[in-house]
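Q: From the sequence below, what's the structure:
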Amino acid sequence: MPATKKLTLASSARYELRIQGALDDSWKEYLNAVTIEVQSQPDEAPVTIATCEFIDQAELAGALSYVYSMGLPLLSVACIGIEPDVPA
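A: A predicted model of the protein is given here:
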């Protein structure tokens, strides 16, 4: 049976951030992003979808603070995976 883990403040996890605007790959470093994809629809603002890995909630908060300080509207944040327990 696969190991399961509840999300805690100290959990390593993968998140999907949706940010209004078109961000390029240079943002990977600032967001700990594994992937960055820009979606755009006619007559709508582009949306960047960044899949990011953070070692804990403090690192996530730092990335979100950076997005805010750059004046970029944050559309959503979703936890899409929690790192499983590693046997000692």
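Q: top helix in this structure by residue count?
A: helix 57-69 (DSSP state H).
Q: got the buried residues for that helix?
A: Leu60, Ala63, Leu64, Val67 (16 or more other Cβ atoms under 10 Å). In this view, the C-beta of every residue, glycine as well, is placed from N, C-alpha and C.
Q: Return the member of those residues nearest to Phe54.
A: Phe54 lies nearest to Leu60 out of the buried residues of helix 57-69, by Cβ to Cβ, at 4.4 Å.
Q: all helices for this protein, in order.
A: Under DSSP H, the chain gives helices at 28-31, 57-69.
Q: where does this protein have low pLDDT?
A: Applying pLDDT under 70 to the chain flags residues 1-4, 84-88.
Q: try 50 this time
A: 1, 3, 87-88 (pLDDT under 50).
Q: if I read this right, Cys79 contacts Ser12, doesn't it?
A: No. In this structure, Cys79 is not within contact of Ser12 by Cβ atoms under 8 Å, at 11.1 Å.
Q: Show the contacting residues for the residue nearest to Ile82 when sequence neighbours are not counted.
A: Nearest residue to Ile82 in three dimensions, chain neighbours excluded: Ala13, at 4.8 Å (Cβ to Cβ, 6 or more residues apart in numbering). Residues in contact with Ala13 (Cβ atoms under 8 Å, 6 or more residues apart in numbering) are Leu7, Glu53, Phe54, Leu60, Cys79, Gly81, Ile82, Glu83.
Q: And Met70, its phi and psi?
A: phi -90, psi 0 (degrees, to the nearest 10).
Q: okay, now it: neighbour count?
A: Met70 has 12 neighbours, counted by other Cβ atoms under 10 Å.
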